[in-house]
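Visitor: I'd like to go over a predicted model; first the sequence, then the structure.
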Amino acid sequence: VASILIVEDEHRIRELVAKALADRGHDVESVTNAMDGLHAITAQRPDLVILDLGLPDLDGYDLLKMVRAVSDVPVIVATARGDDPQVIRTLDAGADDYIVKPFAIEQLEARVRAVLRRSDADRTPDTIVVGGLRINAAARQVEVDEQPVDLTPKEFELLLYLAQHAGEVISKRKLLAEVWRQPYGGSDKTIDVHLSVLRRKLGESATDPRFLHTVFRVGVKLQAPE
Ligand code: CA
C-alpha cells in the first residue's frame, strides 16, 4: 500500500486511474494541474507520482524539473506519444518510467508495482540493529555492545547478509551464491572458517552462541539474543 498522487487534467483518465489504484488498496489523491501537483508533492510527500505531460498550466517536463529540485519521489509519466522526444527528455530529467496513452490499466498497475519495488529497495536503512549488534552498511562499521568490531571485507559482507535476513535460516549454498558469488557451489569449508572467525570477533562460539546460530544440516541464522 502506497500513497499515490495523480496529476492529470483529463477527467476520464484521472477517475479511471484513481479508482483502479484505490481498488488495489492504495491511498490515492488527484489534482488537475501542475501547480497543485507541486504543492501536493511538497506538502503530502506521496510515495509515487503519476504525471501527465500535457497539463493546462505547465508542461509536465517543467513540473518534473521543479519536483526533482526538492524531492526524489518516484515519478511515472503518462504521455500520448511513446516516440515523443519529450518522453526521452522527461526520463533524462529524472522520471522513473513512462506509459503511453491510451494504456491498459493493468499495464499501469504493473509499472506502479515495479517502481514501488525499486524505491523500497533504495530505502534499505543504512544501519541495521539486531540486539546489541549494530551494522552501518554505508560506513561498513560494526559494533557489538557499542564496541567496534574489526572485520575483513568478506566477514563484513557475510555478517551484513545474515543481518539483512535476520531470523531466517540461510543455507551454506545460499551464502556461497550471495556472498561469495559462487552460484554453482564451492567449499562449505570456506564458510565454516569465516563463521568461526566471525563468532570469535563477535565474542561468541559455536557452543555458546549469541547472534549466530547453526541449524544442523540446514544452515546458519543470525538473531537477537533472547
Ligand atoms: Ca493532459
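Guide: Yes, it's here. Numbering: from 1, shown residues only.
Visitor: residues touching the closest residue to the ion within the chain, list them.
Guide: The chain approaches the ion most closely through residue 54 (3.7 Å), counting by Cβ to the ion. C-beta: built from backbone N, CA, C; applies to glycine. Residues counted as contacts of residue 54 (Cβ atoms under 8 Å, 6 or more residues apart in numbering) are 9, 60, 79-80.
Visitor: so what's the residue count around residue 143?
Guide: 15 (other Cβ atoms under 10 Å).
Visitor: list the buried residues in the lowest-mean-pLDDT helix or strand in the chain.
Guide: Using mean pLDDT, DSSP states H and E, helix 85-92 stands out as the lowest-scoring helix or strand of the chain, at a mean of 85. Judged by neighbour count using 16 or more other Cβ atoms under 10 Å, the buried positions of helix 85-92 are 86-87, 90.
Visitor: that helix and the ion in contact?
Guide: No. Figure legend: helix 85-92 not in contact with the ion (Cβ under 5 Å from the ion); closest approach 12.4 Å.
Visitor: got the contact list for stretch 88-96?
Guide: With contact meaning Cβ under 8 Å, 6+ apart, stretch 88-96 is reached by 51, 53, 60-61, 64-65, 67-68, 74-77, 79, 98, 115, 118-119.
Visitor: strands - which of the residues you listed land there?
Guide: 51, 75-77, 79, 98 (DSSP state E).
Visitor: now, of those residues, which are buried?
Guide: Buried positions within the ones in strands among the contacts of stretch 88-96, assessed by neighbour count (16+ other Cβ under 10 Å), are 51, 75-77, 79, 98.
Visitor: just flag the most distant two among these.
Guide: 75 and 79 (12.3 Å; Cβ to Cβ).
Visitor: residues touching the top helix by length along the chain, excluding its own?
Guide: In the chain, taking DSSP state H as the definition, the longest helix is helix 105-122. Here helix 105-122 makes contact (Cβ under 8 Å, 6+ apart) with 2, 4, 16-17, 20-21, 24, 26, 47-48, 50, 74, 76, 78, 96-97, 99.
Visitor: where's residue 214, which helix or strand?
Guide: Using DSSP states H and E, residue 214 sits within strand 212-215.
Visitor: can you name the next helix or strand after that strand?
Guide: The helix or strand immediately downstream of strand 212-215 is strand 219-222, counting by DSSP H and E.
Visitor: what mean pLDDT does that next one get?
Guide: For strand 219-222, mean pLDDT is 95.
Visitor: what packs against that strand?
Guide: Packing partners of strand 219-222 (3 or more Cβ pairs under 8 Å, 6 or more residues apart in numbering; DSSP states H and E): helix 153-164, strand 169-170, helix 172-178, strand 212-215.
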